[in-house]
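give me coordinates for this.
(one chain, ligands or ions: 1)
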Amino acid sequence: MTANNYTDTRGLTSEAVPFTHAVVKGIAEGGGLFVPERIPQLELDSILSLAGMTYAQRAAYIYKAFQVNLSDEEIDALMAQAYGNNFDDERICPITTLDNGTHIMELWHGPTSAFKDMALQCLPLFFSASAQHLRDEGLIDYEFLILVATSGDTGKAALEGFANKRGVSIGVLYPDGGVSDIQRKQMATQAGDNVCVWAVRGNFDDCQTGAKAVFNDASFAETLMDTHKLALSSANSINWGRLLPQIVYYVSAYSELVAAGQVEAGAAIDVCVPTGNFGNILAAWYAKQMGTPIERLLCASNENRVLTDFINTGTYDISDRDFVLTPSPSMDILVSSNLERQLFELTGRDADAIRGWMDDLSRNKCFRVDAGTFAKLRGDFVSDSVNSAECLQTIRSCFEENGYLMDPHTAVAYEVAQRLKGENPVLVASTAHWAKFGDNVYRALHGLEPGAALPEDVAALTGCELNRRIESETNAGPIPEGLAKLDSIPMRFTEVIDKETHAIEDAVLQFC
Ligand SMILES: *Cc1c(COP(=O)(O)O)cnc(C)c1O
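Have a look, this model is predicted:
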């Protein structure tokens, strides 16, 4: 069989590239996203057989099905490293079935307690191995510097993933004063020789704009290359190397539900995903495409409900939409970049249509899909949104009814799952441990409104202390070790820098 190479969603790459190139490049020429030429098809028996394997073996099985251009032995070895005792549960992402029958897939057992670990414990290993192969083949003679702007979760997961990987270093920018006490300490205490973290005087938008300006500064790129033999790269969620690991857990979860007697072999399930950049739910769509018996994809939004409106109307419109801060910050997003891949697939891979819609979006902040594509979209997806007050009420009521404490992102999906539930069992993707968002979990449990001030004695607690208080009130422990210990680890990174491009570039050069 010929290799499964990668083309792009806008039809602008001159030549299809193998997996290793797609991972290291991140984004295709012309701004499109990489997609594999073929989506492998799995028989039901193959899917069910995953239940007899370790999670690392399941992941290797899926990578081999996609014909990733590394040897089977190398894939096996990298997966054993990606999904081993760096997770606090040997099942990696165990499924908890609540009293009301909802299945919760816990994607937060990795080192940073957020679902980003599922991809970012894996991608850096494949990135580093891919770059090494390119150097061995004489195609490149340089190393990589990953630059990440973060509003919280991604930065820590990327730092943890890239720490001490060969041939690559990582710098993270976060808004000074704009992340929680827990998130700041998670980043500022990061270990590793090849990592650096900067607080930026500004908001998340300033960090993102700054990082983009650095990426687009050709003369800075030249300096980095000439003086340090370094190329900039990014690890954001449009990298195919982040998407592929996410497909694994949907196929894996189905095999487990059948093995546990929760679902009959071959019977359909629905999947409900708290959605921001559309990566996680797109992975579920690919799992369905590969033959996993998934019927409906339930797309859960918070008050930033651009995706819900899109799925219900076929029009993606951000021309008159305010960005709302909610208790589920990782879903606070207006432009869902992975939607481009989804539309590419739903149009039967029509790159011309995608170029047109993406053009409309950047010109008019709005695009409308044709009737055929809209019908396809409706064939796979349904969607609803949950406002911030409903989100906190859901945390409380689910805890009272099922004794299960959820984080605000998971709560949005849980509530949408209850509203849109049909005949099929529902698998809810749980994307963070509650202790990452202790302040809003406290508000939820104590009946406070979103954004309400915490009582003075509670507001004075560190994030770790607040989590211990919640744990003692609810018995919803244990708190993951990486979060529980944060107050006792010395801070390594305390530098605050200006948001101007030259200030960021100076900081990067000092780090190199
Ligand atoms: C990133 C993130 C999401 C959103 O996932 P997408 O793949 O961007 O749709 C949801 N919840 C949490 C906790 C996250 O960190």
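
so, low pLDDT: which residues of this structure?
Flagging of the chain using pLDDT under 70 yields the residue ranges 1.

run through the residues of it sitting next to the ligand.
114-116, 153, 237, 274-280, 330-331, 409, 431-432 (Cβ under 6 Å from any ligand atom). From N, CA and C alone the C-beta is placed, and that goes for glycine too.

repeat that for 8 Å
Neighbours of the ligand within the chain, by Cβ under 8 Å from any ligand atom: 108, 114-116, 152-154, 157, 237, 246, 273-283, 328, 330-331, 333, 336, 338, 407, 409-410, 431-432, 436.

restricted to strands, list these.
Among the residues of the chain next to the ligand, the members found in strands (DSSP state E) are Val273, Pro274.

filter the residues of the chain next to the ligand down to the buried ones, ChimeraX style.
The buried residues among those can be selected in ChimeraX (16 or more other Cβ atoms under 10 Å) with this line:
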select :108,114,115,116,152,153,154,157,237,246,273,274,275,276,277,278,279,280,281,282,283,328,330,331,333,336,338,407,409,410,431,432,436
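
what's the nearest residue to the residue most central in space within the chain if we skip its chain neighbours?
Against the mean C-alpha coordinate of the chain, by Cα atoms, centre = their mean, the closest residue is Lys116 at 4.4 Å. Distance criterion Cβ to Cβ, 6 or more residues apart in numbering; nearest residue to Lys116, sequence neighbours excluded, is Ala157 at 3.6 Å.

isn't the one you found up against Asp117?
Yes. The criterion here is Cβ atoms under 8 Å, and Ala157 meets it with Asp117 at 5.3 Å.

quick check: neighbours shared by those two?
Residues touching both Ala157 and Asp117 (Cβ atoms under 8 Å, 6 or more residues apart in numbering) are Gly110.

which residues does the residue in the stretch 51-200 of the chain positioned nearest to the ligand contact?
When scored by Cβ to the nearest ligand atom, the stretch 51-200 of the chain has Asp153 as its residue closest to the ligand, at 4.1 Å. Residues near Asp153 by Cβ under 8 Å, 6+ apart: Thr112, Ala114, Lys116, Gln183, Ser330, Ala432, Lys436.

how close does it sit to Glu456?
Distance, Asp153 to Glu456, by Cβ to Cβ, to the nearest Å: 28 Å.

OK, contacts around Gln208?
Residues near Gln208 by Cβ under 8 Å, 6+ apart: Ala149.

C-terminal to the helix or strand hosting it, what's the next element?
Gln208 is part of helix 204-216, with elements assigned from DSSP states H and E. Sequence order places helix 218-228 as the next helix or strand after helix 204-216, per DSSP H and E.

send me that following helix as CSV with only the CA atoms.
Taking C-alpha atoms only, helix 218-228 is exported to CSV below (Å, rounded to 0.1, in the frame of the first residue of the first chain):
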residue,chain,number,x,y,z
ALA,A,218,11.4,37.3,9.1
SER,A,219,14.5,39.1,10.2
PHE,A,220,14.1,37.7,13.8
ALA,A,221,13.7,34.2,12.3
GLU,A,222,17.0,34.8,10.4
THR,A,223,18.8,35.9,13.5
LEU,A,224,17.5,32.8,15.4
MET,A,225,18.7,30.6,12.6
ASP,A,226,22.1,32.3,12.0
THR,A,227,23.1,32.7,15.6
HIS,A,228,21.4,29.7,17.3
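
counting contacts, what elements does that helix pack onto?
Under the contact criterion of 3 or more Cβ pairs under 8 Å, 6 or more residues apart in numbering; DSSP states H and E, helix 218-228 touches strand 230-233, helix 501-511.

which parts of the first one are buried?
For strand 230-233, the buried set under the neighbour-count rule, 16+ other Cβ under 10 Å, comprises Leu230, Leu232, Ser233.

closest one of these to the ligand?
Ser233 (19.4 Å).

helix, strand or coil: sort out the residue nearest to the closest one when sequence neighbours are not counted for me.
In this structure, Ser233 finds its nearest non-sequential neighbour in Phe144, 4.8 Å apart by Cβ to Cβ, 6+ apart. Three-state assignment for Phe144 (DSSP: H, G, I helix; E, B strand; the rest coil): strand.

what is the neighbour count of Phe144?
22 (other Cβ atoms under 10 Å).

how about Ala260?
When neighbours are defined as other Cβ under 10 Å, Ala260 has 12 of them.

identify the residues contacting it.
Ile95.

same check on Gly84?
Contacts of Gly84 (Cβ under 8 Å, 6+ apart): Ala56.

next, it: phi, psi?
phi -120, psi -140 (degrees, to the nearest 10).

same thing with Thr96?
The phi/psi pair for Thr96 (degrees, to the nearest 10) reads phi -100, psi 130.

beta partners for it?
Ile104 (DSSP bridges).

check contacts around the residue nearest to Lys116.
Gly110, Thr112, Ala114, Lys116, Asp117, Leu120.

hmm, Leu343 and Leu282 touching each other?
No. In this structure Leu282 lies outside contact range of Leu343 using Cβ under 8 Å: 10.3 Å.

residues touching the residue nearest to Tyr249 when sequence neighbours are not counted, list them.
Nearest non-adjacent residue to Tyr249, counting by Cβ to Cβ, 6+ apart: Cys93, 5.2 Å away. For Cys93, the contact set (Cβ under 8 Å, 6+ apart) comprises Tyr55, Met105, Glu106, Leu107, His109, Met118, Tyr249, Ser252, Ala253.

export the residues you listed as CSV, with columns for neighbour count.
Formatted as CSV, these follow (neighbours: other Cβ atoms under 10 Å):
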residue, neighbour count
Tyr55, 23
Met105, 24
Glu106, 21
Leu107, 25
His109, 20
Met118, 29
Tyr249, 28
Ser252, 26
Ala253, 26
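
in helices, which of the residues of the chain next to the ligand appear?
Lys116, Asp153, Thr154, Ala157, Gln246, Gly279, Asn280, Ile281, Leu282, Ala283, His409, Thr410 (DSSP state H).

for the last one, give me its contacts.
For Thr410, the contact set (Cβ under 8 Å, 6+ apart) comprises Ile104, Pro274, Val428, Ala429, Ser430, Thr431, Ala432.

what's the answer for Ser237, then?
Ala119, Thr154, Leu243, Asn277, Gly279, Ser337, Asn338.

if you tally nearby residues, what's the number for Val179?
With other Cβ under 10 Å as criterion, Val179 counts 22.

what of Pro425?
18.

would you check that it makes contact with Val258?
No. With contact defined as Cβ under 8 Å, Pro425 does not reach Val258; the gap is 10.8 Å.

for Asp332, grab the count of nearby residues.
Neighbour count of Asp332, defined by other Cβ under 10 Å: 17.

next up, the contacts around it.
If you count contacts by Cβ under 8 Å, 6+ apart, then Asp332 has Ser151, Gly276, Asn302, Asn304, Phe323, Val324, Leu325, Thr326 around it.

what segments of the stretch 251-400 of the chain are helices?
Using DSSP state H, counting those that start in this stretch, the helices assigned to the stretch 251-400 of the chain run over residues 279-289, 306-313, 339-346, 351-364, 371-380, 388-402.

closest one to Arg492 among those?
Closest approach to Arg492 among these (Cβ to Cβ): helix 279-289, 29.4 Å.

about what we covered before: most neighbours among the contacts of Asp332, which one is it?
Most neighbours among the contacts of Asp332, by other Cβ under 10 Å: Asn302, with 29 neighbours.
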